[in-house]
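Student: sequence-free structure coming up:
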Ligand SMILES: [Zn+2]
Ligand SMILES: [Zn+2]
């Protein structure tokens, strides 16, 4: 879904995207429908503000206990789209200031809405996904899922694989 900057009317352009073909189903396991709403607003001849909202459920494996779980993914986001004429240098980053908004530089006054949506899905995924803050994970000795039950391993704080080696040598 590509929108030319010139197609955006003065009052902005609102799109409700029910087509799910943009979703990266190969990389992210979805367990429900995905709905996206996008609002495009001209901020200048070469600048467009894109505000959007994505709503979906995905399935992940917990990084601690390895069990699958579902997570609501999405929320609101905004992206600043800037068209830079070919040949002109890209604006220099303004220091390390943390910006609330992502800026995307385009080589044509044209935005691929599906590209932006896909990017937002990957931004929304954390590096480590855990099923709950209280997830106890797997026992480092026997591999039992400690959310489901206790194992018989001693709970000393300084357990390491070398302890097992030491006990085997005895
Ligand atoms: Zn877990
Ligand atoms: Zn154990």
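Tutor: Right, received. Where do you want to start? Please read these numbers as outputs of a predicted model, since none were measured by experiment. Numbers count the residues shown, from 1 in each chain. Ligands and ions are numbered 1, 2, ... in the order given.
Student: Surely residue 53 is within a strand?
Tutor: Yes: with DSSP: H, G, I helix; E, B strand; the rest coil as the criterion, residue 53 is assigned to a strand.
Student: Identify the residues contacting it.
Tutor: The contact partners of residue 53, taken as Cβ atoms under 8 Å, 6 or more residues apart in numbering, are 36, 37, 74, 75, 76, 77. Every residue, glycine included, has its C-beta placed from N, CA and C.
Student: Secondary structure class of the fourth one, three-state.
Tutor: Remark: residue 75 carries the secondary structure label strand [criterion: three-state DSSP].
Student: Test my guess that it contacts residue 123.
Tutor: No: under the contact definition of Cβ atoms under 8 Å, residue 75 does not touch residue 123, with a separation of 10.3 Å.
Student: Show me what from this structure comes close to ligand 2.
Tutor: By Cβ under 5 Å from the ion, the residues of the chain that approach ligand 2 are 139, 141, 142, 144, 151, 153.
Student: Go again with 8 Å.
Tutor: If contact is defined as Cβ under 8 Å from the ion, the residues of the chain in contact with ligand 2 are 139, 140, 141, 142, 143, 144, 146, 151, 152, 153.
Student: how much space between the spatially closest residue to the third one that is not a sequence neighbour and ligand 1?
Tutor: Distance criterion Cβ to Cβ, 6 or more residues apart in numbering; nearest residue to residue 141, sequence neighbours excluded, is residue 153 at 4.3 Å. Summarising the geometry, the distance separating residue 153 from ligand 1, computed by Cβ to the ion, to the nearest Å, is 18 Å.
Student: Residue 153 is in contact with residue 138, isn't it?
Tutor: No: the criterion here is Cβ under 8 Å, and residue 153 misses it with residue 138 at 11.0 Å.
Student: Who has more neighbours out of these two?
Tutor: Ranked by neighbour count (other Cβ atoms under 10 Å), residue 153 and residue 138 place residue 138 first, with 18 against 15.
Student: Can you show me the helices along the chain?
Tutor: Taking DSSP state H, the helices of the chain run over residues 113-124, 161-169.
Student: between these, which has the poorest average model confidence?
Tutor: Between those, the lowest average pLDDT goes to helix 161-169, which shows a mean of 58.
Student: on that earlier part again, what's the ChimeraX line that selects buried ones from the contacts of residue 53?
Tutor: To isolate the buried members of these in ChimeraX, using 16 or more other Cβ atoms under 10 Å:
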select :36,74,77
